[in-house]
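Student: With the input below, show me the fold.
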Amino acid sequence: MKNLKKLIALLLSVAMLLALVACGADKPEDIDPQPDDGQTQPDDAEKQEDPITVKVGVLKGPTGMGAVKIAKDSAEGKTTGAYEISFYETADVNALTSALVNGTVHVAALPVNAGSALFNKTGGKVQAVATNALGVLSIVGSEKLSDIKELKGKTIHTTGQANTPEYILTYILEKNGMKAVTGDGELGDNGVRVNYYADGNTAMAAMVKDGGYAMLPEPAATVALTKSTETVKYSIVFDVTAEWSKVSETKLVQGCLIANKDFADNYPKALAALLADYKSSVDFVNSEENVDAAADLLVEYGIVPKAPIAKQAIGRANIVCITGADMKADVSAMLGVLLAANPASVGGKLPTDEYYYGA
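Tutor: Residues are numbered from 1 along each chain as shown. Sure thing, here's the model as predicted:
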């Protein structure tokens, strides 16, 4: 009887084992796990970004100087991310802004007011992600002056009408009891004649031909010094950044990195890698140890005509990479000054907090 019970138990065990094998239940990896109570699983919480080549556009001027090292390293596959850095002529700023808005370019180096104007114009389709250039202007001339008030009655040739250079110059003159007079207007007791030109080279040529002074950004200001002759010696008469600091509590900001918002939203890791590599590029260019290599890169990418000029220009270009809350504080203060000078310059109003990425 006992043997019969053992036989029956053995037969039942074999039958159950066969049933499990038939159902594949001995392969737990084949069973799809179900979420517990509808909770998000770890794989969904950390979605991987699709690989992307970040397209960056910069102008061949001071706002593009900090990008030369990242451009070189990217071309040689030495950067954290994959980038395509394009250098635009300064006259092509409208083409660059259009490319940024339509997504052809993911990040662009633009004048500080241009980003704000785009944000307001497009209903928030762009964001400021970093400050990349502080004050980049100098007043050059052959006659040295000890105080900026001595510009009364004199002529300044410059570029940037209806843009940051105009508002910066007007602000500094007014804070020093002077006024900018364009065209043939009467100078009066406190007037300074200001002639605007399409580009820095034309403004420089006007100074050489007609006398007076030229307010120029780097590297054009350093190039102007090479126009000296045996009888006429040009020098940096005033550092505009220093003059701004004397009359304003805000930091002089002239350039920003502006991102397409769709790109920033969908590729935060790629943007973070870009900002880290860009900061390394800026640090490289600013380092005294790398001055020769940085100067060669500035020539290679068509920003400065000759290496000796580039070496001098770097120190006056105020190249930076400032992000987050510090970026917001500096940019918002600068935009406030520009709004007071000409509301249209920033798009009619200050951008909302959503404009400042990572702040």
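Student: And the strands in the stretch 151-300 of the chain, which stretches?
Tutor: Using DSSP state E, counting those that start in this stretch, the strands of the stretch 151-300 of the chain run over 155-159, 179-181, 191-197, 213-217, 235-239, 253-260.
Student: Make CSV out of the ones you listed and add mean pLDDT and mean neighbour count.
Tutor: Glycine gets a C-beta too; all of them are placed from N, C-alpha and C. Compiled in CSV, the strands of the stretch 151-300 of the chain are given as follows (pLDDT from 0 to 100; neighbours: other CB atoms under 10 Å):
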stretch, mean pLDDT, mean neighbour count
strand 155-159, 97, 23
strand 179-181, 96, 17
strand 191-197, 97, 19
strand 213-217, 97, 27
strand 235-239, 97, 18
strand 253-260, 97, 28
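Student: and of those, who's closest to residue 313?
Tutor: strand 213-217 (9.6 Å; CB to CB).
Student: Run through the bridge partners of the spatially most central residue of the chain.
Tutor: Nearest to the mean C-alpha position of the chain, counting by CA atoms, centre = their mean, stands residue 257 at 2.2 Å. Taking DSSP bridges, one finds residue 109, residue 130 as the beta-bridge partners of residue 257.
Student: okay but it is in contact with residue 105, surely?
Tutor: No. At 11.4 Å, residue 257 does not count as touching residue 105 under the criterion of CB atoms under 8 Å.
Student: do you know how far residue 315 is from residue 303?
Tutor: According to CB to CB, to the nearest Å, residue 315 and residue 303 sit 15 Å apart.
Student: More neighbours: these two, which one.
Tutor: residue 303 (24 against 13; other CB atoms under 10 Å).
Student: isn't that one right up against residue 58?
Tutor: No. Using CB under 8 Å, residue 303 makes no contact with residue 58, being 9.0 Å away.
Student: Quick check: the nearest residue to residue 307 once chain neighbours are set aside vs residue 82, distance?
Tutor: Using CB to CB, 6 or more residues apart in numbering and skipping the chain neighbours, the partner closest in space to residue 307 is residue 295 (4.2 Å). The spacing between residue 295 and residue 82, counted by CB to CB, is 27 Å.
Student: re the thing from before, could I get the strands of the stretch 151-300 of the chain in JSON lines, plus columns for distance to residue 78?
Tutor: Listed next are the strands of the stretch 151-300 of the chain as JSON lines, based on distance: least, CB to CB, whole Å:
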{"stretch": "strand 155-159", "distance to residue 78": "35"}
{"stretch": "strand 179-181", "distance to residue 78": "46"}
{"stretch": "strand 191-197", "distance to residue 78": "40"}
{"stretch": "strand 213-217", "distance to residue 78": "30"}
{"stretch": "strand 235-239", "distance to residue 78": "35"}
{"stretch": "strand 253-260", "distance to residue 78": "20"}
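Student: which one of these lies closest to residue 101?
Tutor: Among those, the nearest to residue 101 by CB to CB is strand 253-260 (7.2 Å).
Student: From the contact counts, what lies against that closest one?
Tutor: helix 93-102, strand 107-111, helix 112-122, strand 126-134, helix 268-286, helix 324-341 (3 or more CB pairs under 8 Å, 6 or more residues apart in numbering; DSSP states H and E).
Student: Now render these as CSV, adding distance to residue 299.
Tutor: Output for those, formatted as CSV (distance: least, CB to CB, whole Å):
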stretch, distance to residue 299
helix 93-102, 22
strand 107-111, 19
helix 112-122, 27
strand 126-134, 19
helix 268-286, 13
helix 324-341, 30
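Student: give me the low-pLDDT residue ranges for the protein?
Tutor: 1-47 (pLDDT under 70).
Student: Need the three-state assignment for the closest residue in space to residue 221 that isn't next to it in sequence.
Tutor: Once flanking residues are discounted, residue 221 sits nearest to residue 138: 4.1 Å by CB to CB, 6+ apart. At residue 138 the chain is in strand, as set by DSSP: H, G, I helix; E, B strand; the rest coil.
Student: how far away is the residue nearest to residue 307 from residue 158?
Tutor: Residue 295 is 26 Å from residue 158, by CB to CB.
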